[in-house]
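A.B. asks: From the sequence below, what's the structure:
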Amino acid sequence: MTPEQALYEDVELMHIYFKAYNNKIEKMAWYGGLYDRLALVDVVSKVMSKDSSKTFDYPNLPLSMSDEKENVKTEQDKEIEFRQVMLSVY
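C.D. replies: Okay, the predicted model is just below:
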């Protein structure tokens, strides 16, 4: 938001920008806490585990901050997939 928008635009617009900024900060803090938790789980699982194959590994790739809605299937996609499976059986 530019200073001109803050001074001359509607006050409600400033509240919307403020809420969006706070949501972004909260989300970044949540991800920071998640990274800390994953690091602790990684260390504790390696220290406490007798079998090295059952340990937790810290993620190699960064976690995505975007909402991944591409993987969500709609009811229509589920119906199409179900029909294809049923047709392949018969």
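A.B. asks: remind me, longest helix of the chain?
C.D. replies: Using DSSP state H, we find that the single longest helix of the chain is helix 11-48.
A.B. asks: so how far is the following helix or strand past it off the chain centroid?
C.D. replies: Later in the chain than helix 11-48, the nearest helix or strand by DSSP states H and E is helix 75-89. Between the mean C-alpha location of helix 75-89 and the chain-wide mean there is a distance of 28 Å, by C-alpha atoms, centre = their mean, to the nearest Å.
A.B. asks: Going by contacts, tell me the helices and strands next to the longest helix of the chain.
C.D. replies: Packing partners of helix 11-48 (3 or more C-beta pairs under 8 Å, 6 or more residues apart in numbering; DSSP states H and E): helix 3-8. No exception for glycine: its C-beta is placed from N, CA and C like everyone else's.
A.B. asks: Can you show me the CA trace of the helix it packs on as PDB?
C.D. replies: This file holds the C-alpha atoms of helix 3-8, laid out as PDB (Å, rounded to 0.1, in the frame of the first residue of the first chain):
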ATOM      1  CA  PRO A   3       1.400   6.300   1.400                       C
ATOM      2  CA  GLU A   4      -1.100   8.100  -1.000                       C
ATOM      3  CA  GLN A   5      -3.500   5.200  -0.700                       C
ATOM      4  CA  ALA A   6      -3.200   5.200   3.100                       C
ATOM      5  CA  LEU A   7      -4.000   8.900   3.300                       C
ATOM      6  CA  TYR A   8      -6.600   9.300   0.600                       C
END
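A.B. asks: Grab the nearest non-local neighbour of Phe56.
C.D. replies: Leaving aside its chain neighbours, Phe56 sits nearest to Ser45 (4.1 Å; criterion: C-beta to C-beta, 6 or more residues apart in numbering).
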